[in-house]
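**Student:** Provided below for reference: sequence and predicted model.
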Amino acid sequence: MSNCIFCKIIAGEIPSSKVYEDDKVLAIRDINPQAPIHILFMPKRHMSSIMALDETTSEDVAAVMNAIVKVAKDMGLSEENGLRIINNCGPDGAQSVMHLHFHLLAGTKLGENIV
């Protein structure tokens, strides 16, 4: 999509701090981190939200989940030290960019109010 900031980042039109990239997924550091580790994971194929998921796009979301696990393990994160994965959907769900993405937060004890 021509006006999507994440599509522009994926296309290399806007610089980002890449953490991970493969043929289906891009992961970048959040420019407004809410935890010491705050990484955004997005499918390269544009989908507006998780509600756009269907049988043709489910592989893209699976690739995102696999990338999250790979990056988390590479960073030494585990169930023992904790992490949080968040997906916001739609305006009332606090989705600020209408391109499906997931937040990985870690590196500190996360409070109960960050849900």
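**Tutor:** Happy to help now that I have it.
**Student:** now what about the longest strand along the chain, what contacts it?
**Tutor:** In the chain, with assignment by DSSP state E, the single longest strand is strand 37-43. Outside strand 37-43, the residues that touch it by Cβ atoms under 8 Å, 6 or more residues apart in numbering are 6, 10, 19-20, 24-30, 57, 60-61, 63-64, 67-68, 71, 75, 77, 83, 99-107. Just so you know, the C-beta spots here come from the backbone N, C-alpha and C atoms, and that holds for glycine as well.
**Student:** What about these, which are in helices?
**Tutor:** Residues of those located in helices (DSSP state H): 6, 10, 60-61, 63-64, 67-68, 71.
**Student:** Pick out the residue nearest the middle of this protein.
**Tutor:** Relative to the mean C-alpha position of the chain, the nearest C-alpha, by Cα atoms, centre = their mean, is the one of Phe41, at 2.4 Å.
**Student:** Give me the buried stretch members for stretch 52-60, please.
**Tutor:** By neighbour count with 16 or more other Cβ atoms under 10 Å, stretch 52-60 contains the buried residues 57, 60.
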